[in-house]
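A.B. asks: please work out how this folds:
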Amino acid sequence: MKLKELLLILGLFFLCELHVMAQISPGNLSNMHAYLEGVNNCTKCHDIGNKVTREKCLACHQIIKTNILAKKGYHASAEVSGKECVVCHNEHHGRNFQIIRFDKKNFIHSKTGFELKGAHARLECNGCHKPAFITDARLKKKPTTYLGLNQSCLSCHEDYHQGRMSPKCNNCHSFESFKNVTRFDHNTTRFPLLGKHMTVACEKCHKTEIVDGKPKQIFRGLEFANCTACHKDVHDNKFGQNCKKCHSEESFHSVKSIAGFDHDKTDFKLIGKHALLECKACHKTSLTAPVKHDHCSDCHADYHNKEFARKGVSPDCNQCHNNDGFIPSKYTIEKHNLTKFPLEGAHLATACMACHKKQEKWSFRHMGKSCIDCHENVHKGFIQDKYMVNNNCTACHNTTSWKKVTFDHTNTNFKLDGAHAKLLCSYCHYAKNESGIRIQKFNGLSADCASCHRNNHAGQFEINGKTDCTKCHDTASWEKTKFDHNTSRFKLDGAHAEVKCNECHKTVTDEKGKYRQYKFKSIDCSTCHS
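C.D. replies: Below you'll find the model as predicted:
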């Protein structure tokens, strides 16, 4: 046989074979069913002489069959139930043909028996339909499947409560957010929420702890039999543990009854002026709000504006005052004597306010230590500075009595002796003027007797306009004279020595006035004897 004839015979055979195959298989199966290719496998899907039947499909696809029998999933929905599988899924269209095709964006998920709500509705399909959430080992191996998911929350979501709460998450949570437990009713628990508890954030009571390396919020096993299980007893058990005797859930700051409240059980007993105050005078915001009371300055302003502060810190008021009132002070003379100005003499009897409240407000610092800081220097301009250095009044005066003067007059040019030593300073230094007004005078006083005493001798003993009284008188007594008649022109001898002075020296009156005459123009006998 020639080659051309052989090739022709083979070509005709091949065409015949293709025609027969086309009659048996209308086309290649998809990749999913490719393992069923071949004449021997046709009856696995087809009944002889019939089309593909639903029973044949479900005999192979057992998981879908199970769902249909259990009336679960999309294939059990009214839209699909009872239909032949080939209506939606048919074959022999080639290897790359997609048997499962549907519009994901417009797919109505509620037909599966699981309606997408809240956060679920915003997810992409593969956000849920992924091997990690499939428990059936057979389905886990499938690269693309929408089967095998469980409608239980914990089949996709981690059990945050670690088995401590019901697995039915939607008893408390909604599909919008796990954080908002809008479905949970706390009043169904053994601790109904009343008053302020209704507005407290859950995490304030239900703390988060680390359990097995993971955060866990505690909801079970909390103590709530007493308020102190959650709230600190600010009273340190002074009033017992039954907080409800005074407080309610509406507010700890709202006290049920205050009439019988014993303030002595607190850390601050009410004594003195404090016992007379209204509660709100100290408890300005609420009766239970903590009030600082360790120091007087916690409530009272520093009246002294840090006058007594050391290194910026003021001492507490109770060092000088007590609860009976800010006045009088308990600051003692002994304490005052420890200062730079100890109280002596008349200062001991001086009222505090005489020095410390000269103006409207009390003042204690920078009072000065010199006399002139409080007392006016009445001698300024009248006494030379050398006798009163730096206005130092103590050069003459002391604190016992201002009138007692200890000035040493010998430091001046006029020593005080005799009757002069017995005189008060004012006798010479505060003499009255012609109008009867006492005039202070220290500077410029003359040491001449005539500057203070009247010259009774009408100028009989003047020498160059001055009379030296000391030639006859001394300061011990004006009446006693030390005049020695034998030093005069007329010595006393004989009977003259026994004659009294006024026998010769008689009182006369002339143009000089009335005076006793001691000077005579002549000492002849005839002047006295006729």
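A.B. asks: need the contact list for residue 189.
C.D. replies: With CB atoms under 8 Å, 6 or more residues apart in numbering as the criterion, no residue contacts residue 189. No exception for glycine: its C-beta is placed from N, CA and C like everyone else's.
A.B. asks: relative to residue 414, how far out is it?
C.D. replies: Separation of residue 189 from residue 414 (CB to CB, to the nearest Å) stands at 109 Å.
A.B. asks: same question, residue 184
C.D. replies: Going from residue 184 to residue 414 by CB to CB gives 110 Å.
A.B. asks: out of these two, which sits in the busier spot?
C.D. replies: Comparing residue 184 with residue 414 by neighbour count (other CB atoms under 10 Å), the higher total belongs to residue 184, at 15 against 12.
A.B. asks: ok, residue 458 - contacts?
C.D. replies: Residue 458 is in contact with 512-513, 515, counting by CB under 8 Å, 6+ apart.
A.B. asks: confidence score at the residue nearest to residue 59 when sequence neighbours are not counted?
C.D. replies: Spatial nearest neighbour of residue 59, excluding adjacent residues (CB to CB, 6 or more residues apart in numbering): residue 65 at 7.7 Å. You'll see residue 65 listed with a pLDDT of 92.
A.B. asks: tell me which element residue 65 is part of?
C.D. replies: Element membership for residue 65 (DSSP states H and E) is helix 62-69.
A.B. asks: ok, residues contacting that helix?
C.D. replies: By CB under 8 Å, 6+ apart, helix 62-69 touches 58-59, 73, 75-76, 81, 136, 138-139, 147-148.
A.B. asks: which helices and strands sit right next to whichever helix or strand comes after that helix?
C.D. replies: The element immediately downstream of helix 62-69 (helix or strand, assigned by DSSP H and E) is helix 137-140. Using 3 or more CB pairs under 8 Å, 6 or more residues apart in numbering; DSSP states H and E as the contact test, no helix or strand touches helix 137-140.
A.B. asks: just the C-alpha atoms of helix 137-140, please, in CSV.
C.D. replies: Taking C-alpha atoms only, helix 137-140 is exported to CSV below (Å, rounded to 0.1, in the frame of the first residue of the first chain):
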residue,chain,number,x,y,z
ALA,A,137,-10.9,19.7,57.1
ARG,A,138,-12.3,18.8,53.6
LEU,A,139,-13.4,22.4,52.9
LYS,A,140,-10.2,23.9,54.4
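A.B. asks: and that helix, how far out from the chain's middle?
C.D. replies: With CA atoms, centre = their mean, to the nearest Å as the basis, helix 137-140 stands 66 Å off its chain's centre.
A.B. asks: continuing past that helix, what's the next helix or strand?
C.D. replies: helix 202-205.
A.B. asks: any idea of the mean pLDDT for that next one?
C.D. replies: When pLDDT is averaged over helix 202-205, the result is 88.
A.B. asks: counting by contacts, list what it packs against.
C.D. replies: Applying 3+ CB pairs under 8 Å, 6+ apart, we find helix 202-205 packed against no helix or strand.
A.B. asks: what's the end-to-end length of stretch 429-443?
C.D. replies: Distance across stretch 429-443, first residue to last, is 9 Å (CA to CA, to the nearest Å).
A.B. asks: got the buried residues for that stretch?
C.D. replies: 429, 442 (16 or more other CB atoms under 10 Å).
A.B. asks: quick one: low-confidence residue ranges for the stretch 1-150 of the chain.
C.D. replies: 1-25 (pLDDT under 70).
A.B. asks: actually the stretch 351-500 of the chain, not the one I wrote
C.D. replies: In the prediction, the stretch 351-500 of the chain carries no residues with pLDDT under 70.
A.B. asks: mind listing the strands for it?
C.D. replies: Ranges of strands within the stretch 351-500 of the chain are 462-463, 466-467, based on DSSP state E, counting those that start in this stretch.
A.B. asks: to residue 119, which of those strands lies closest?
C.D. replies: strand 466-467 (127.9 Å; CB to CB).
A.B. asks: so which elements touch that closest one?
C.D. replies: Right, strand 466-467 is packed against no helix or strand by 3+ CB pairs under 8 Å, 6+ apart.
A.B. asks: for residue 98, give its distance to residue 32.
C.D. replies: In this structure, residue 98 and residue 32 are 9 Å apart, going by CB to CB.
A.B. asks: so for these two, which residue has more residues nearby?
C.D. replies: residue 32 (16 against 12).
A.B. asks: what about the more buried one, which SS state?
C.D. replies: helix (DSSP: H, G, I helix; E, B strand; the rest coil).
A.B. asks: list the contacts for the closest residue in space to it that isn't next to it in sequence?
C.D. replies: Distances taken as CB to CB, 6+ apart put residue 99 closest to residue 32, at 6.2 Å, once the chain neighbours are dropped. Residue 99 makes contacts with 30, 32-33, 89-91, as judged by CB under 8 Å, 6+ apart.
A.B. asks: ok, residue 513 next?
C.D. replies: The contact partners of residue 513, taken as CB under 8 Å, 6+ apart, are residue 458.
A.B. asks: do residue 516 as well
C.D. replies: For residue 516, the contact set (CB under 8 Å, 6+ apart) comprises 456-457, 502, 505-508.
A.B. asks: need the pLDDT of it.
C.D. replies: If you check residue 516, the pLDDT there is 92.
A.B. asks: for it, name its beta-bridge partners.
C.D. replies: Counting by DSSP bridges, residue 516 is bridged to residue 507.
A.B. asks: ok, now how distant is it from residue 476?
C.D. replies: Separation of residue 516 from residue 476 (CB to CB) stands at 21 Å.
A.B. asks: please apply the same query to residue 228.
C.D. replies: Distance of residue 228 to residue 476, given as CB to CB: 98 Å.
A.B. asks: then residue 45?
C.D. replies: Per CB to CB, residue 45 is found 166 Å from residue 476.
A.B. asks: more neighbours: the two, which one.
C.D. replies: residue 45 (19 against 12).
A.B. asks: contact partners for the more buried one?
C.D. replies: By CB under 8 Å, 6+ apart, residue 45 lies in contact with 33, 36, 52, 56-57, 60, 91.
A.B. asks: repeat that for residue 415.
C.D. replies: Residue 415 makes contacts with residue 409, as judged by CB under 8 Å, 6+ apart.
A.B. asks: just name the most buried of the strands of the stretch 351-500 of the chain.
C.D. replies: Ranked by mean neighbour count, the strands of the stretch 351-500 of the chain are led by strand 466-467 with a mean of 15 (mean count of other CB atoms under 10 Å).
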